[in-house]
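Engineer: Quick one, structure for this:
(one chain, ligands or ions: 1)
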Amino acid sequence: MLAAERGHPADVRRLVPKAIKLRYHALLRALSRLVDRVLGIDTAERVDLADFGLAHPERVNYEAGSWLDLPRVLRHIPVRRHDVLLDLGCGKGRALVMAARHPFARVIGVELSPELARVAERNLEASRLPRRCRAVEVVVADAVEYRIPDDVTFVYLFNPFRGRVFDAVIERIVESVDRAPRRVRVIYRNAMYEDRLLGTGRAHLQRVLPGLRPTRRWREAVGVRVYAVDPGRRPVPVRAGSG
Ligand SMILES: C[S@@+](CC[C@H](N)C(=O)[O-])C[C@H]1O[C@@H](n2cnc3c(N)ncnc32)[C@H](O)[C@@H]1O
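Structural biologist: Okay, the predicted model is just below:
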């Protein structure tokens with residue numbers, strides 16, 4: 001975590017005593033392993049990007065998001081047949097497995113580490129969950145350089161990047177909206193950089209879903225927020241003779 005992030009409202013370390021947090025996380029991990037076993041997949045264990053020589057202060061290590069993020073959000077925002085979901089920093093693909101249960105036209109995961117991307121592909125094949133979307137692909141790429149496809153309508157971010165990497169990825173989303181005007185919803189878990197997203201002037205907060213945690217402030221810190229990124233205002237054409 002960067003020094004500038006300490007004191008941020010989404011900095012859980014500031015809010016929750018370490019011993020409680022460790023115990024709670026151990027419980028969540030045990031539950032996570034159990035769900036993995038039932039579904040026939042492998043997403044629960046954390047992975048350090050340093051293990052693959054990919055560590056960087058603005059890249060976040062692998063840790064699976066919540067099983068419940070997408071079901072909770074998509075209960076409020078029905079998926080239409082042309083919708084496309086992109087998970088930037090998809091890791092071992094837990095969110096992809098959950099998204100494939102919905103009738104998306106396609107689901108895409110982008111992951112920096114080829115090793116994690118391979119695990120995501122294996123998980124998609126092995127998952128016992130029913131699937132309504134067959135077109136699921138995992139792309140190995142640095143999200144900073146990835147051109148967002150112009151049919152994407154949902155972007156899921158589980159706090160995968162920090163600082164300038166985050167800014168660059170948001171710029172990629174805005175560029176795509178400008179190339180092909182449409183609304184893109186950004187589903188952002190643990191929204192450390194909300195101010196930078198809103199600071200683009202192109203996103204507005206639509207919905208806040210508190211996380212499932214024992215205290216109110218902790219719930220707020222790890223919750224999921226949904227933003228809409230809309231096409232920018234087009235320049236008003238100047239009429240001949242006006243003024
Ligand atoms: C916190 S995990 C999120 C995992 C997944 N989205 C989920 O919800 O289960 C962050 C992931 O982002 C990936 N990542 C970090 N920096 C990246 C970058 N620049 N481009 C692509 N992936 C990146 C990491 O390898 C890691 O798998």
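
Engineer: In three-state terms, how would the residue minimising distance to the centre of the chain be classified?
Structural biologist: Centrality entry for the chain: nearest residue to the mean C-alpha point is Leu157, 1.5 Å, by Cα atoms, centre = their mean. Three-state call for Leu157 (DSSP: H, G, I helix; E, B strand; the rest coil): strand.

Engineer: in a strand, that's where Val186 is, yeah?
Structural biologist: Yes - assessed by three-state DSSP, Val186 belongs to a strand.

Engineer: Run through the bridge partners of it.
Structural biologist: The bridge-partner assignment for Val186, based on DSSP bridges, gives Val155, Tyr227.

Engineer: per-residue confidence at it?
Structural biologist: Looking at Val186, its pLDDT stands at 98.

Engineer: what's the answer for Glu5, then?
Structural biologist: What the model reports for Glu5 is a pLDDT of 57.

Engineer: Now the longest helix belonging to the chain: average pLDDT?
Structural biologist: Taking DSSP state H as the criterion, the chain has its longest helix at helix 18-39. For helix 18-39, mean pLDDT is 87.

Engineer: can you give me how far that helix is from the chain middle?
Structural biologist: Its chain's C-alpha centre and that of helix 18-39 lie 20 Å apart, by Cα atoms, centre = their mean, to the nearest Å.

Engineer: buried sites along that helix?
Structural biologist: Ser32, Asp36, Leu39 (16 or more other Cβ atoms under 10 Å). No exception for glycine: its C-beta is placed from N, CA and C like everyone else's.

Engineer: Apart from its chain neighbours, what residue comes closest to the residue nearest to the centre of the chain?
Structural biologist: With sequence-adjacent residues excluded and distances taken as Cβ to Cβ, 6 or more residues apart in numbering, Leu157 is closest to Tyr188, at 4.8 Å.
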